[in-house]
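Novice: Got a sequence here, can you build the structure:
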Amino acid sequence: MSAGVSLDAAIDDVCDAVRSAATVVPLGGRTHWDVGGPAPDGTHVVAPAGVVDYDPAELTITLGAGTTVAELDAVVGAAGQDCPVDARDPAATVGGVLAVGLSGSRRLRYGPLRNRVLEVHFVTADGRRIKGGGRTVKNVSGYDVARLLVGSFGTLGVIVQVTLRCEPRALRSEWLACDAPSAEVAARAFRASSVLTDGAHTYVLVEGYAEDVAAAVANLDGAPAAAPPPWPDGPHRGRISVPPGVVDAVGRRLTDAGIAWVGEAGIGTIHVAAAREDDLAAARAIAHAADGWLLREAGASGLDGFGVELPNAEVMARIKDALDPEHRMNPGRVPRLRVVHA
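Specialist: Just a heads-up that it's a prediction; the model follows:
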């Protein structure tokens with residue numbers, strides 16, 4: 001077990017800052033600043049950084065939410081472990097990634113981001129420090145506040161400290177490029193960490209013991225690839241969610257519309273980018289036609305961030321009213337999060 005810094009004094013400062021602010025805007029690495037919608041004007045509140053405790057034997061690490069993903073990877077990597085947060089930008093903070101709920105590209109094997117969180121400390125709108133969950137993997141007591149905060153966009157509180165579940169680092173990993181459709185490859189790739197497609201090829205990441213990786217490679221009939229396809233880039237970006245079985249079909253429609261995309265087979269997430277705002281709007285229409293939706297990540301200031309009425313909007317609004325009755329925490333960041341009890 002490795003004991004690190006104490007963040008108590010820094011978290012007390014966050015509590016004071018939240019209590020005195022008219023509008024609270026949690027600030028991380030600004031790598032996901034426009035996801036869902038632009039942040040409101042207000043007092044920027046920064047979570048502390050640093051490793052509080054790391055126990056490789058228990059596969060858990062406790063750290064300040066302001067710690068960057070690059071720092072997290074360096075600490076656990078030195079002990080031969082991995083914490084598959086897999087942020088698109090290593091400068092992202094752990095708390096920021098959790099707040100926007102962006103699971104990494106290895107979700108197919110390691111599960112959604114919320115499953116990685118064991119314990120969370122957050123500061124409520126009235127400046128109280130609240131703990132949810134516990135540092136042990138088998139902890140099941142109390143309300144599952146930790147998962148509630150993942151994807152909350154800072155509208156329920158400021159995440160200041162988290163405990164994450166780690167994994168043994170894979171002894172071998174290899175990317176392959178295949179010509180078969182992504183759904184077919186995903187079905188054949190036993191416990192693949194990632195199956196990505198850009199419409200031209202399907203890329204598979206296999207990880208584990210050398211013998212297991214070799215067996216998976218032999219079963220896939222693919223060629224070694226130096227790297228996966230690059231994430232689509234452009235001034236207007238979004239993330240589509242559709243049923244996993246239609247990723248290839250939706251991708252073909254996006255290609256026909258001239259929109260760059262990379263899809264995650266087996267997950268149903270498709271990352272898109274466009275040069276024009278109208279093209280991102282077209283991508284949203286394609287997503288809706290496939291019973292999906294698009295979350296705007298950057299650009300397209302005239303496009304609604306979510307584009308659909310959230311199915312749990314009323315439940316979310318009631319939780320918001322309970323934790324932040326004056327709606328001071330990142331107000332307006334999640335559209336249509338109306339006040340239920342005015």
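
Novice: and residue 219, that's in a helix?
Specialist: Yes. The assignment for residue 219 by DSSP: H, G, I helix; E, B strand; the rest coil puts it in a helix.

Novice: got the domain boundaries for the protein?
Specialist: According to automatic domain parsing, the chain comprises the domains 2-168, 172-225.

Novice: quick one: the strands in the stretch 101-250 of the chain?
Specialist: Assigned by DSSP state E, counting those that start in this stretch, the strands in the stretch 101-250 of the chain fall at 117-123, 129-133, 158-165, 167-168, 172-178, 194-197, 202-208, 223-225, 236-241.

Novice: if we can go back for a sec, can I get the domains of the chain in JSON lines with mean pLDDT and mean neighbour count?
Specialist: In this view, the C-beta of every residue, glycine as well, is placed from N, C-alpha and C. As requested, these are exported to JSON lines (pLDDT from 0 to 100; neighbours: other C-beta atoms under 10 Å):
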{"stretch": "domain 2-168", "mean pLDDT": "91", "mean neighbour count": "19"}
{"stretch": "domain 172-225", "mean pLDDT": "89", "mean neighbour count": "18"}
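
Novice: Make a markdown table from those and add distance to residue 246 to it.
Specialist: Shown next, in a markdown table, are the domains of the chain (distance: least, C-beta to C-beta, whole Å):
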| stretch | distance to residue 246 |
| --- | --- |
| domain 2-168 | 16 |
| domain 172-225 | 9 |
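
Novice: Residue 260 is nearest to which of those domains?
Specialist: Residue 260 lies closest, by C-beta to C-beta, to one member of the domains of the chain: domain 172-225, at 8.2 Å.

Novice: what about the closest one, start to end distance?
Specialist: 14 Å (C-alpha to C-alpha, to the nearest Å).

Novice: Which residues outside stretch 236-244 are in contact with it?
Specialist: 102, 183, 250, 265-277, 279-280, 283-284, 286-287, 290-300, 303 (C-beta atoms under 8 Å, 6 or more residues apart in numbering).

Novice: Give the rounded mean pLDDT of stretch 246-254.
Specialist: Mean per-residue pLDDT for stretch 246-254: 96.

Novice: Identify each buried residue in it, please.
Specialist: Buried residues in stretch 246-254, defined by neighbour count with 16 or more other C-beta atoms under 10 Å: 246, 247, 248, 250, 251, 253, 254.

Novice: Just checking the distance from it to the centre of its chain.
Specialist: 23 Å (C-alpha atoms, centre = their mean, to the nearest Å).

Novice: picking up where we left off before, tell me which of the domains of the chain lies nearest to residue 323.
Specialist: Per C-beta to C-beta, nearest to residue 323 of those: domain 2-168, 5.0 Å.

Novice: out of the strands of the stretch 101-250 of the chain, nearest to residue 78?
Specialist: Closest among the strands of the stretch 101-250 of the chain, using C-beta to C-beta: strand 167-168, at 13.6 Å.

Novice: what's the spacing between the residue nearest the centre of the chain and residue 316?
Specialist: In the chain, the residue lying closest to the centroid (C-alpha atoms, centre = their mean) is residue 102, at 1.5 Å. Separation of residue 102 from residue 316 (C-beta to C-beta, to the nearest Å): 18 Å.

Novice: and if you look at residue 9?
Specialist: 33 Å.

Novice: my guess is residue 246 meets residue 289, correct?
Specialist: No. Taking contacts as C-beta atoms under 8 Å, residue 246 lies outside contact range of residue 289: 10.1 Å.

Novice: relative orientation of the host helix or strand of residue 62 and strand 158-165 in degrees?
Specialist: Using DSSP states H and E, residue 62 maps to strand 60-64. Here the directions of strand 60-64 and strand 158-165 differ by 160 degrees (axes from the mean of the first three to the mean of the last three C-alpha atoms, to 10 degrees).

Novice: Check which helices and strands strand 60-64 sits against.
Specialist: Contacts defined by 3 or more C-beta pairs under 8 Å, 6 or more residues apart in numbering; DSSP states H and E place strand 60-64 against strand 51-55, helix 69-78, strand 158-165.

Novice: Among these, which comes closest to residue 63?
Specialist: strand 51-55 (4.8 Å).
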